[in-house]
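1. no sequence for this one, just the structure:
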């Protein structure tokens with residue numbers, strides 16, 4: 001066990017050192033991403049070259065196969081440098097986790113370029129029809145984050161099943177078969193390139209799809225038995241922890257120079273009201289982060305012991321992630337207000353953190369509905385749905 005812990009620590013330190021190495025590139029790309037509405041090519045290349053899109057790729061395929069807590073440390077560190085880079089990083093990792101479940105034939109095709117590819121994926125379902133040897137897909141999806149630099153795209157489709165509940169599949173197809181719709185004009189997460197996209201009457205072989213309900217890994221270790229939504233929910237938690245902390249970093253620095261009001265020259269840092277808020281906000285972020293990291297550590301230990309993650313625990317983990325997003329969003333919004341008029345400028349990181357977290361908070365994985373499910377679980381309900 002000590003050897004395993006030491007290996008996790010070494011891997012985590014190595015990955016965080018990689019993040020630190022590319023920090024100047026990510027910082028430089030922050031403002032540009034807001035204009036481009038997607039991450040700049042230099043930032044994408046830096047994340048890819050450091051292997052930071054491969055955190056969830058099985059080691060047998062050349063990936064890092066980091067445990068869920070180590071992943072969150074990385075997402076947090078990247079998002080603290082640049083929110084758009086943090087979002088893009090974790091979405092790319094979440095898309096590539098699908099390689100643990102895809103057939104050897106699909107993997108061989110994806111790896112034809114001789115290196116780990118990049119991918120984008122969406123969870124909201126579309127429709128597909130069954131054909132001999134595969135599926136015919138025709139539809140439109142939203143939130144294709146990072147799709148501009150993806151080489152493969154994973155889509156969730158429902159396939160009618162002779163009156164029975166439809167099959168729920170994840171189908172993987174080349175990005176060249178996808179039409180990107182240039183409609184990413186938004187208030188926050190501007191630099192993430194989360195465009196809608198369409199797939200027009202494309203055939204996907206059966207070997208390029210797998211059952212999302214069963215989630216049977218064909219390769220890789222314990223983390224790939226975590227199941228949906230916990231398998232990918234941790235990404236949102238790490239992102240929120242990083243952006244929330246960056247907002248607190250920013251207002252702490254700006255408070256030393258920022259004076260507010262018409263009378264006097266006292267800075268924000270001189271105000272007792274701000275002192276009280278800052279101390280409380282720090283604890284709120286730390287408490288939510290500790291809950292998040294501890295819950296995923298416990299889940300990881302159970303997976304390593306061969307224990308599966310049931311519906312109630314899936315709900316609890318997703319609710320803890322939603323709580324982290326909620327707390328970070330509140331802290332960033334309050335920090336923005338303390339920033340005064342200067343925070344409204346587009347080059348002020350306070351407004352960017354607040355905008356990005358506000359938009360992140362409307363994502364399915366941060367929905368209030370999951371708190372309802374957790375409450376029902378605490379009351380003893382058994383008809384629970386982790387994906388409401």
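-> Yes, it's here. Values in this document were obtained by computation on a predicted structure and should not be read as measured data.
2. What does the pLDDT read for residue 261?
-> As predicted, residue 261 sits at a pLDDT of 66.
3. mind listing the strands for the stretch 1-150 of the chain?
-> 119-131, 134-144 (DSSP state E, counting those that start in this stretch).
4. what pairs with the shortest one, and is each one parallel or antiparallel?
-> By that I understand strand 134-144. Paired neighbours of strand 134-144 in the sheet (DSSP bridges): strand 119-131 (antiparallel), strand 195-205 (antiparallel).
5. could you measure the nearest residue to residue 70 once chain neighbours are set aside against residue 5, distance?
-> Nearest residue to residue 70 in three dimensions, chain neighbours excluded: residue 12, at 4.6 Å (C-beta to C-beta, 6 or more residues apart in numbering). All C-beta spots, glycine's among them, are computed from the backbone N, C-alpha and C. Applying C-beta to C-beta, to the nearest Å, the value for residue 12 to residue 5 is 11 Å.
6. more crowded one of those two?
-> Using other C-beta atoms under 10 Å as the criterion, residue 12 and residue 5 rank with residue 12 on top: 17 against 9.
7. returning to that earlier point: can you list the strands of the stretch 1-150 of the chain in CSV and add mean neighbour count and distance to residue 353?
-> Listed next are those as CSV, based on neighbours: other C-beta atoms under 10 Å; distance: least, C-beta to C-beta, whole Å:
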stretch, mean neighbour count, distance to residue 353
strand 119-131, 19, 24
strand 134-144, 18, 20
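8. do you know which of these lies nearest residue 102?
-> Taking C-beta to C-beta, strand 119-131 is the member of the strands of the stretch 1-150 of the chain nearest to residue 102, at 10.7 Å.
9. re the thing from before, show me the one of the strands paired with strand 134-144 that comes nearest residue 166.
-> Proximity to residue 166, assessed across the strands paired with strand 134-144 by C-beta to C-beta, is greatest for strand 119-131 (8.6 Å).
10. now the closest one: how far from the chain's centre is it?
-> Chain-centre distance of strand 119-131: 19 Å, with C-alpha atoms, centre = their mean, to the nearest Å.
11. what mean pLDDT would you report for that strand?
-> 95.
12. now for the helix or strand harbouring residue 165, which elements pack on it?
-> If you go by DSSP states H and E, residue 165 is part of strand 164-174. Judged by 3 or more C-beta pairs under 8 Å, 6 or more residues apart in numbering; DSSP states H and E, the packing partners of strand 164-174 are strand 119-131, strand 134-144, strand 152-161, strand 195-205, strand 209-211.
13. So for it, what gets flagged as buried?
-> The neighbour-count check on strand 164-174 (16 or more other C-beta atoms under 10 Å) flags 167-174 as buried.
14. and if you look at stretch 381-388?
-> 386-387.
15. Now do it: distance from first to last residue.
-> Using C-alpha to C-alpha, to the nearest Å, the end-to-end distance of stretch 381-388 comes to 15 Å.
16. so how far is it off the chain centroid?
-> On the basis of C-alpha atoms, centre = their mean, stretch 381-388 sits 22 Å off its chain's mean C-alpha point.
17. tally of neighbours for the residue lying closest to residue 313 once chain neighbours are set aside?
-> Distances taken as C-beta to C-beta, 6+ apart place residue 299 nearest to residue 313, at 6.7 Å, with adjacent residues excluded. Per other C-beta under 10 Å, the neighbour tally for residue 299 reads 23.
18. Residue 181: neighbour count?
-> 15.
19. ah, wrong one, I meant residue 276
-> 10.
20. Where does it sit, in terms of helix or strand?
-> Here residue 276 sits within helix 272-304, counting by DSSP H and E.
21. And that helix, what's buried?
-> For helix 272-304, the neighbour count (16+ other C-beta under 10 Å) marks 274, 277-278, 281, 284-285, 288-289, 291-293, 295-296, 299-300, 303 as buried.
22. circling back: residue 312: which of the helices and strands packed on strand 164-174 is closest?
-> Of all those, it is strand 119-131 that lies closest to residue 312, at 20.7 Å by C-beta to C-beta.
23. what about the nearest residue to residue 166 once chain neighbours are set aside, distance to residue 196?
-> Nearest residue to residue 166, sequence neighbours excluded (C-beta to C-beta, 6+ apart): residue 158, at 4.1 Å. Applying C-beta to C-beta, the value for residue 158 to residue 196 is 19 Å.
24. Now do the contacts for residue 148.
-> Residue 148 is in contact with 38, 180, 193, 195, counting by C-beta atoms under 8 Å, 6 or more residues apart in numbering.
25. Farthest pair within the residues you listed?
-> Greatest spatial distance among those (C-beta to C-beta): 38 and 180, at 10.0 Å.
26. ok so, going back, pick the one among the buried residues of strand 164-174 closest to residue 49.
-> The closest of the buried residues of strand 164-174, once distances to residue 49 are taken by C-beta to C-beta, is residue 174, at 22.1 Å.
27. Contacts only, for the closest residue to residue 319 other than its chain neighbours.
-> In space, and not counting its chain neighbours, residue 319 is closest to residue 374: 4.3 Å by C-beta to C-beta, 6+ apart. Residues counted as contacts of residue 374 (C-beta under 8 Å, 6+ apart) are 315-316, 319.
28. between the residues you listed, which is closest to residue 243?
-> Among these, and counting by C-beta to C-beta, the member closest to residue 243 is residue 319, at 19.5 Å.
29. Could you dump the contacts of residue 148 into a markdown table with distance to residue 235 and neighbour count added?
-> Listed next are the contacts of residue 148 as a markdown table, based on distance: C-beta to C-beta, whole Å; neighbours: other C-beta atoms under 10 Å:
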| residue | distance to residue 235 | neighbour count |
| --- | --- | --- |
| 38 | 19 | 25 |
| 180 | 22 | 19 |
| 193 | 17 | 26 |
| 195 | 19 | 23 |
